[in-house]
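**Student:** Have a look at this fold, sequence not included:
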C-alpha cells in the first residue's frame, strides 16, 4: 500500500457505484428523530451542462447534508428541475428543438454531473415541473387562489419583452430591461391578463421578514421592493363634472402649496381628460412615453441615476397639459392637470400633486411649463391638513405599496395551462379539480405568435372544449402560468412525491417542513423568494399547512467568475469551466475542496485553475497518511508498552478539529474549514512518528476519516474501508467532542503558517493578538518570505489560535 498512487478515477467510480446500489442516501420515513431539510434552489435545465460555478452552490449544501446525517438527524436532501418557463423554452428555440426534449436531456446530464461531484441527493424524489403529475398540482394551486378571490383577470398596461414575445411581471423587469435578456429594453402593451393579489399580503410579507435567519441585504431588497409608504390619499374633483383624481402623498402637510397635478402616461384617465383640441397631442405624447423605459423616464426627470452614475437635473422632464383642471380640495383653486412621463403608473396611484415650493423636481417641472412655484399659503401640520381633508370628505390617511399584484399569465407555450374556460352562458369557469391536469398539448411548432396571444390559441383542438357547468361549448384560456407558479410550492412536493391525493402528504409535510436550510443565488430575492413566501401564507390561511414561512434559513453563494474575462460564467459568453473537465484531471474530492477553499461562500470569486491542482496534492497527502496507518494496522500489533507520552496532544488535536469543523460547517465558513483540515493534516504528519501501528493511531485515522467525510466523501469512504471501519463512513456518527479536551490555553498558542495550504512555518504567539498583528508576525519567517517571493497575496485566511494561510496568485506585472 505504501507508495501506491492514489487512483482517484477508479476509487471515485467504485464508491459512486456502491452508493447507488446500496441507496445509502434514501430519505428516512418521518419519525421522532430531529430533522434537517437541506434544499438547493433547483436549477433551470436550460443549458447543456453545469459549470464549476454551480458546484459552488451544490457542494457546500452536500457538505451540510452529510454532516447532519452523521450528527444523527433525519435528512431530506432532494433535487429536481425547474423545467417549465422562459429559460427552458428560449434555449429550445435557440436549438431548434422541442423544450420537452431539451429539458429531459439537460436534466439527465445535470444529474450525471451532480453524481460525478459526489452530491448525496435522494434521487428517488426527483421532480420536474413540466411533468403532468407535478403541474396538476400547480394548476390546483391556481384554482385555490381563484377560489380565495386572490386570482383575477384585468386589463392594463403591461411590460412586453420583444425577444421573449410575452408579458413580464414587474419583478422580471430590471432597469427597464428583460430579466432574461439584459440587452433588451421592454415595451408597454395594453392586454387583459391574470393577476394574483400579492399586495393583500404586503404587510405580513414585510413584518415577518424580521424573524427570518436570512442575509440582511436580501431582507432589505424585499423591504424595498414591497415599499410600504404611510401617507394620505387626497381626491381632487375634476372641473366641470369630470369625476375625481386621487393622488397619494407621504407629505400631506404640503397640500396647501400644491399648484398642479401630474398623471402617469399609463393612467387610465390620461387621454380621457384631454380637451378636444389637445386630445391628439396628448395621445401622441402618451404613446411616445410608453415606448421609453421607466428607467429612461426617471433619469430624464432627475429621479434616477444616469448610465455614468450622475443625476439628471430635472430639466429634461417631459410633460403635456391635458387642458383639464381640478379643484384644490381645501382652497377651491383650479390647478392644471398634466401628463408627465416621470410619473410611474405602479407608484402608488399613478397621480401626484406637484408642490414646487417643497420639491426640487416639481420646481424644475413648474419652471419648464411656466407654472407657479408657490401659492402664498403656508405649509400646514400633517394632522391639521388631514383633519381638514377628512372633514371635507376629500380623503384621509392611507398606506400604499411599491409592490404590485403578481402578473401570472404568459403568452408562451412552455408552461402549465391556466385551468380556466370561458362560456358564453356561464362566463369564467374554473376547471374542476377532478379534471386536472389540463395537459399541455404536444405540438411540433410552438414559437411565440408575436401578436399578444399564446401559441396555444392557434390549436383548435385545445381551445374548443365543453363548459364544466352547463355542458355547452366553451373555450379554454390559452395563456400559461408563469414559471414561478411552479417554484412557489415545489419544496412541499419533495416531502412525498408519490402522494396522489393531494399536492403534498400532510403527515410527511408536517414532519419535514418548513425547509431548514435553503441555498441559492441572490438574483431571486424579489421574485421566487417573495412568491414562495406569499403562497405559503395563502396555504396557512387556508388551513392546509401550519407554518407561515417556507425557509427558516437562507444562504446565498457568491458568483464564480471566469478567469478568461472576469465575468460570471455563462455559456453564451463562452467562458464556462465545466466540472467534468476538472474531475477528469484531478478528481471530484479535489474539485470539492477547491470550490470551497477559493473564497468566502457568500462572496464573488474568480476561478483559479491552480486551486484544483493544489487540492489534489492535499488529497494525495491525506491518502498517504491513512494508507500508512492501514498498512501498519494489518501487521501484528507490537507488544503493549502503555500509552505514548504524546497521546494527550493527539486526542486534544482531534477533539479540537472535530469541534471546529462542525462549527465551521454550520457557519458556512467553508474556506476556513478547508484551511483547518490542511492544518490538521500538517499536525498529524508531525505527530505520526512512532505511532503508526498503534491502536491509538488507527483510532485517530478513523476519526480523521469521519471529519473529512462531508468534505471529501470518496477519499473518506476509501480510508474507512482501508482501516476496517464498519459499514459506510457516511452511515457512521460524527466524532463526539469532550469539552475538557477543547479548552483553549490562556498563555500562548502555536500558529501554523501556510502558503497556499502548505505549511511553511510555525510561530508562537502570546495571548490573542489581533488579525493584523498575527498576519504581520506570520510573514516574518524566512521560509514564508521565500514562498511569497514573486507571488501576490490574494487573500489571507486566519483561523484564530490555529493557522494563518496566505492564498497567492502569480503577479500580473
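**Tutor:** Cool, got the structure. All of these numbers come straight from a predicted model, not from anything done at the bench.

**Student:** Which parts of the protein belong to which domain?
**Tutor:** Structural domains annotated on the chain: 8-137+489-573, 138-197+406-482, 229-400, 600-741, 748-810, as defined by automatic domain parsing.

**Student:** so who does residue 275 touch?
**Tutor:** 322-324 (Cβ atoms under 8 Å, 6 or more residues apart in numbering). For the C-beta atoms, the positions are set from N, CA and C on the backbone; glycine is no exception.

**Student:** Apply 6 Å and report the result again.
**Tutor:** residue 323 (Cβ atoms under 6 Å, 6 or more residues apart in numbering).

**Student:** quick one on the thing from earlier: switch the domains of the chain over to TSV, and while doing so, append distance to residue 219 and mean pLDDT to every line.
**Tutor:** Output for the domains of the chain, formatted as TSV (distance: least, Cβ to Cβ, whole Å; pLDDT from 0 to 100):
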stretch	distance to residue 219	mean pLDDT
domain 8-137+489-573	9	95
domain 138-197+406-482	16	90
domain 229-400	18	85
domain 600-741	14	90
domain 748-810	28	85
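
**Student:** List the contacts of stretch 532-549.
**Tutor:** Here stretch 532-549 makes contact (Cβ under 6 Å, 6+ apart) with 198, 201, 204-205, 208, 488-489, 514, 550.

**Student:** Packing partners of the helix or strand encompassing residue 753?
**Tutor:** Using DSSP states H and E, residue 753 sits within strand 748-755. Strand 748-755 is packed against strand 758-766, strand 803-810, with contacts defined by 3 or more Cβ pairs under 6 Å, 6 or more residues apart in numbering; DSSP states H and E.

**Student:** which one of those lies closest to residue 521?
**Tutor:** Of all the helices and strands packed on strand 748-755, strand 803-810 sits nearest to residue 521, with 23.9 Å by Cβ to Cβ.

**Student:** Counting neighbours, which bits of that closest one end up buried?
**Tutor:** 803-809 (16 or more other Cβ atoms under 10 Å).

**Student:** cool, stretch 246-261 as well?
**Tutor:** Residues of stretch 246-261 classed as buried by neighbour count (16+ other Cβ under 10 Å): 247-249, 251-261.

**Student:** export those residues to CSV and tack on secondary structure and distance to residue 465?
**Tutor:** Converted to CSV, those look like this (DSSP: H, G, I helix; E, B strand; the rest coil; distance: Cβ to Cβ, whole Å):
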residue, secondary structure, distance to residue 465
247, strand, 45
248, strand, 43
249, strand, 49
251, coil, 53
252, helix, 52
253, helix, 57
254, helix, 56
255, helix, 54
256, helix, 59
257, helix, 59
258, coil, 54
259, coil, 57
260, strand, 52
261, strand, 47
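
**Student:** which of the residues you listed lies closest to residue 412?
**Tutor:** The shortest approach to residue 412 among the buried residues of stretch 246-261 belongs to residue 248, at 34.3 Å (Cβ to Cβ).

**Student:** hey, where'd the helices end up in the stretch 151-300 of the chain?
**Tutor:** In the stretch 151-300 of the chain, the helices defined using DSSP state H, counting those that start in this stretch lie at 202-207, 216-226, 279-290, 294-300.

**Student:** same deal with the stretch 701-813 of the chain?
**Tutor:** Assigned by DSSP H, counting those that start in this stretch, the helices in the stretch 701-813 of the chain fall at 713-722, 771-779, 782-788.

**Student:** May I see the domains of the chain organised as JSON lines, with distance to residue 588 added?
**Tutor:** Formatted as JSON lines, these follow (distance: least, Cβ to Cβ, whole Å):
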{"stretch": "domain 8-137+489-573", "distance to residue 588": "5"}
{"stretch": "domain 138-197+406-482", "distance to residue 588": "32"}
{"stretch": "domain 229-400", "distance to residue 588": "44"}
{"stretch": "domain 600-741", "distance to residue 588": "6"}
{"stretch": "domain 748-810", "distance to residue 588": "18"}
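
**Student:** Would you tell me which of those gets closest to residue 218?
**Tutor:** Smallest distance to residue 218 across these (Cβ to Cβ): 4.8 Å, for domain 8-137+489-573.

**Student:** Could you pull out the buried residues of stretch 687-700?
**Tutor:** 687-688, 691-694, 697-698, 700.

**Student:** One more: stretch 232-245?
**Tutor:** Of all the residues in stretch 232-245, those buried under the rule 16+ other Cβ under 10 Å are 232-238, 245.

**Student:** Can you tell me which of these is nearest residue 772?
**Tutor:** Closest to residue 772, out of all of the buried residues of stretch 232-245 and judged by Cβ to Cβ, is residue 232, at 53.2 Å.

**Student:** ok, the closest one - contacts?
**Tutor:** For residue 232, the contact set (Cβ under 6 Å, 6+ apart) comprises 249, 252, 386, 395, 397-398.

**Student:** For the helix or strand hosting residue 106, name the packing helices and strands.
**Tutor:** According to DSSP H and E, residue 106 maps onto helix 99-116. The contact analysis (3+ Cβ pairs under 6 Å, 6+ apart) places helix 99-116 against helix 86-95.

**Student:** Quick one: residues in contact with the helix it packs on.
**Tutor:** The contact list for helix 86-95 (Cβ under 6 Å, 6+ apart) reads 44, 46, 99, 102-103, 164, 180, 412, 414.

**Student:** and it, how far out from the chain's middle?
**Tutor:** 21 Å (Cα atoms, centre = their mean, to the nearest Å).

**Student:** what angle separates that helix from helix 99-116?
**Tutor:** Angle of helix 86-95 versus helix 99-116, following axes from the mean of the first three to the mean of the last three Cα atoms, to 10 degrees, is 110 degrees.

**Student:** got the buried residues for helix 86-95?
**Tutor:** Residues 86-93 are the ones in helix 86-95 that count as buried (16+ other Cβ under 10 Å).

**Student:** Nearest to residue 80 among those?
**Tutor:** For those, the nearest to residue 80 is residue 88 (13.4 Å; Cβ to Cβ).

**Student:** List the buried residues of the longest helix out of those in the chain.
**Tutor:** Looking across the chain with DSSP state H, the single longest helix is helix 609-633. With burial defined by 16+ other Cβ under 10 Å, the residues of helix 609-633 counted as buried are 611-612, 614-616, 618-630, 632-633.

**Student:** just to revisit the earlier point, output the helices and strands packed on strand 748-755 in TSV; the columns should cover distance to residue 476.
**Tutor:** Below are these laid out as TSV (distance: least, Cβ to Cβ, whole Å):
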stretch	distance to residue 476
strand 758-766	66
strand 803-810	59
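
**Student:** who wins for proximity to residue 581 among the ones you listed?
**Tutor:** Of all the helices and strands packed on strand 748-755, strand 803-810 sits nearest to residue 581, with 20.5 Å by Cβ to Cβ.

**Student:** Now which of the contacts of helix 86-95 would you call buried?
**Tutor:** Among the contacts of helix 86-95, those buried by neighbour count (16+ other Cβ under 10 Å) are 44, 46, 99, 102-103, 164, 180, 412, 414.
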